[in-house]
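Enquirer: just a sequence and a predicted model for now, questions to come.
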Amino acid sequence: MLLAALLLLVPSLMAGEGGAAIRQSLSPSYIVIGFAGGFVRHDNLHHGPVQLAQRIQQDAPKGSYIRVFENRHRKDAYKTILSLVDTDHNGVLSEEEKTRARIILFGHSWGASAVVMLAHELDRLGIPVLLTVQVDSVRKLWQHDGVIPENVEDAANFYQPHGLIHGRSVIRAANDSKTHILGNYRFDYRQTPARCGQIDWFERTLIPSHMQSQCDPHLWAEVESLVLQRLTPEPGIVASNPRP
């Protein structure tokens, strides 16, 4: 009788704090992590990665985990992913837990470089990544953003070539048999400017093309399409490449 009573209490105990413990024990259907560029905050809705995360939240499968980090908080993103993948919370990632992981990473500028760095860190643990997307990727001095590790299934690179700050024009796979480079897609804002609101003087005057890459609705629509194709795959349908 005592054991039965304790078992009846377990669900209510686990549901404390609004059922948070129960939700944490479940594996997210997808883990989607974005990185803001420069010194942009993770909640600044004037920037492409933050806007994208907000949009895909509406169409993502139930249970998906979607979050944007500042690029300097890559380690926090890494710890968050490990916690989500470790569904039994025993501190050890089993092969089954790793195999079940469905991770998508995207970012702009320094945030795009953070995407590649994070993918490499996950590769060391054998955790697969469905997709990485870099937008006008700019590496920090100690980072390398040009080679995509073999745990990444698909990777795409969007860049513009002008100004004091401009993105990496080419990414390549560390292992062509493991990673498919969808393309290196060039945008030219001197020919086709993008309209951006609430941009400060520095960005508007000194790095106008790099600034436009973070707010260009056409570019971010292409990124959104790539992400949603992985979030809602249809049997027998191969994701199409963007057409900038």
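Expert: Yep, it's here. Predicted model, so just to flag it, every value in this text is computed and none were measured. Numbers count the residues shown, from 1 in each chain.
Enquirer: right, and the helix or strand after the lowest-mean-pLDDT helix or strand in the chain?
Expert: In the chain, no helix or strand scores lower on mean pLDDT, DSSP states H and E than helix 16-24, which sits at a mean of 34. As assigned by DSSP states H and E, the chain's next helix or strand after helix 16-24 is strand 31-36.
Enquirer: separation between the most centrally placed residue in the chain and residue 149?
Expert: Centroid-nearest residue in the chain: residue 105, 2.2 Å away (criterion: C-alpha atoms, centre = their mean). For residue 105, the distance to residue 149 equals 11 Å [C-beta to C-beta, to the nearest Å]. Bear in mind the C-beta positions are built from the backbone N, C-alpha and C, glycine included.
Enquirer: between these two, which contacts overlap?
Expert: residue 119 (C-beta atoms under 8 Å, 6 or more residues apart in numbering).
Enquirer: next, residue 125: phi, psi?
Expert: phi -100, psi 0 (degrees, to the nearest 10).
Enquirer: I figured it hits residue 94, correct?
Expert: No: taking C-beta atoms under 8 Å as the definition, residue 125 is not a contact partner of residue 94, at 11.6 Å.
Enquirer: show me the strands in this protein, by range?
Expert: Counting by DSSP state E, the segments of the chain that form strands are 31-36, 65-70, 103-108, 129-135, 147-148, 152-159, 172-173, 180-186.
Enquirer: out of these, which gets nearest to residue 50?
Expert: strand 65-70 (5.3 Å; C-beta to C-beta).
Enquirer: quick one, the closest one and strand 31-36 angle?
Expert: If you take axes from the mean of the first three to the mean of the last three C-alpha atoms, to 10 degrees, strand 65-70 sits at 20 degrees to strand 31-36.
Enquirer: list of residues touching strand 65-70?
Expert: Contacts of strand 65-70 (C-beta under 8 Å, 6+ apart): 28, 30-36, 39-43, 49-50, 53, 56-57, 60, 76-77, 80, 84, 114.
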